[in-house]
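Trainee: have a look; sequence and predicted model below, questions after that.
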Amino acid sequence: MQFSPPTPNSVGRTSGGILQTASAFPSPPRHRLLLLRRRRPRARALLSSPPRISPYASYRHHAYPPHPPPPPAYVGAYYDHAAEPLPPRDELRTLFIAGLPGDAKAREVYNLFRDFPGYVSSHLRTSGKSSQAYAFAVFADQPSALAAMSATNGRIFDLENNCTLHVDLAKSNSRSKRSRTDDVPSYSSEKKARNPRGFPDSGAGSNIHMSGMGNSSHSLNGYPSAQSYTNFEPAAFSKDPSAFAPQNNPPCPTLFVANLGPTCSEQELIDVFSSCAGFIKVKMQNKFGAPVAFVDFKDMDSSTEAINRLQGVILYSSTGEGMRLEYAKSRMGLRKQDKRQ
DNA sequence: AGCACA
């Protein structure tokens, strides 16, 4: 209601398939850039060079035949912030997600963000006739939002429609308080996975509030919390991770991370990997040449899911391709926790 | 294209 529908005249993808963040959002607000720079001084790659999409990025469906890229980017979703009660600190902690297909479901948006620490809620806006949609995802604070942003920006949401996500800080925070219950559908109460088509996927302004608030960021509100990405991944995906892990090491709870940008920091990796279940710690190797890192998980299931989720993800610091994940050759620091006398 | 730390 307070959102104007996306304007389909905006710039989109070039014929080469390169996504230009800057052009996708003409004349980005100054404050947004400043915020990004403040926290990540070396965000040059993100701001000035287009995120390139790795074939490993995002939830992979089966191998879809390539399609000519439709223009997916949008400008829109302007929020009338006149009546918005900004939190005491006006730090932006809401993400704006563009590039969603018109038939995107609130559940899909929810599944995209629910595992990130600090996730609070998401709101899908589908503009009836348009073939595209956009959404907002609210986080507890800006670092959480930025971590989720760096992990999801550039992800291929729908290979079939060639939908690539553009995730950015929203221009203003969404109202996260449940001050209004007008257009909240009765979905969140129950009947969850029952009816996959139960979402009001048409009709502008279906404001679905999928909350993940509360404790440790998992589950809640009816959705199974664990690694149920069954909506996105084929069965073989979870059965045979080696088919998707282009390396030879046997599965290991520790991951080896390569192809990091020269300015990648350990904190940036923590921001990204801490969203994975079973995450323990990151150890970065910056001394020699190209930085690499090791990320430890509590078990091989966790590390495998992390590979599947984050393979090829492009970070702020990334140059060119996204990071490459492999099982490490040996488990990180198994020393005292192991009960070898 | 690179696998350390204990």
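Mentor: That came through fine.
Trainee: how near is A:P143 to A:L92?
Mentor: The gap separating A:P143 from A:L92 is 11 Å, by CB to CB, to the nearest Å. (C-beta placed from N, C-alpha, C; glycine too.)
Trainee: I should have written A:F136 there, sorry.
Mentor: With CB to CB as the criterion, A:F136 and A:L92 are 11 Å apart.
Trainee: strands of the stretch 151-300 of chain A, residue ranges please.
Mentor: A:156-158, A:163-164, A:166-169, A:254-258, A:279-285, A:292-297 (DSSP state E, counting those that start in this stretch).
Trainee: what lines up beside the second one in the sheet?
Mentor: For strand A:163-164, the paired strands and their directions (DSSP bridges) are strand A:156-158 (antiparallel).
Trainee: got the residues of the stretch 151-300 of chain A near DNA strand B?
Mentor: A:246-247, A:249, A:254, A:256, A:258-259, A:283, A:285, A:290, A:292, A:294, A:296 (CB under 7 Å from any atom of the strand).
Trainee: I'd say A:T126 and A:G102 touch.
Mentor: Yes: assessed by CB atoms under 8 Å, A:T126 is found in contact with A:G102 at 6.4 Å.
Trainee: more neighbours, the two?
Mentor: A:T126 (28 against 16; other CB atoms under 10 Å).
Trainee: the more buried one pairs with what?
Mentor: Going by DSSP bridges, A:T126 forms beta bridges with A:A133.
Trainee: from DNA strand B, how far out is it?
Mentor: 38 Å (CB to the nearest atom of the strand, to the nearest Å).
Trainee: circling back to that earlier point, just send the residues of the stretch 151-300 of chain A next to DNA strand B back as JSON lines, with neighbour count and pLDDT too.
Mentor: Formatted as JSON lines, those follow (neighbours: other CB atoms under 10 Å; pLDDT from 0 to 100):
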{"residue": "A:P246", "neighbour count": "11", "pLDDT": "50"}
{"residue": "A:Q247", "neighbour count": "14", "pLDDT": "62"}
{"residue": "A:N249", "neighbour count": "15", "pLDDT": "89"}
{"residue": "A:T254", "neighbour count": "22", "pLDDT": "98"}
{"residue": "A:F256", "neighbour count": "19", "pLDDT": "97"}
{"residue": "A:A258", "neighbour count": "14", "pLDDT": "96"}
{"residue": "A:N259", "neighbour count": "18", "pLDDT": "94"}
{"residue": "A:K283", "neighbour count": "15", "pLDDT": "96"}
{"residue": "A:Q285", "neighbour count": "16", "pLDDT": "94"}
{"residue": "A:A290", "neighbour count": "12", "pLDDT": "90"}
{"residue": "A:V292", "neighbour count": "19", "pLDDT": "96"}
{"residue": "A:F294", "neighbour count": "21", "pLDDT": "98"}
{"residue": "A:D296", "neighbour count": "22", "pLDDT": "98"}
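Trainee: related to what we said a few turns ago, mutual contacts of A:T126 and A:G102, please.
Mentor: Counting by CB atoms under 8 Å, 6 or more residues apart in numbering, the contacts common to A:T126 and A:G102 are A:A133.
Trainee: follow-up on the earlier one: common neighbours of A:F136 and A:L92, please.
Mentor: With CB under 8 Å, 6+ apart as the test, A:F136 and A:L92 both reach A:A170.
Trainee: distance of the residue in the stretch 101-250 of chain A that DNA strand B sits nearest to relative to A:D103?
Mentor: Residue nearest to DNA strand B within the stretch 101-250 of chain A: A:N249 (5.1 Å; CB to the nearest atom of the strand). According to CB to CB, A:N249 stands 39 Å off from A:D103.
Trainee: now A:M332
Mentor: 42 Å.
Trainee: ditto for A:V292
Mentor: With CB to CB as the criterion, A:V292 and A:D103 are 40 Å apart.
Trainee: same deal with A:K329?
Mentor: The separation that A:K329 has from A:D103, given CB to CB, amounts to 43 Å.
Trainee: any regions of the stretch 101-250 of chain A where pLDDT drops low?
Mentor: A:128, A:176-247 (pLDDT under 70).
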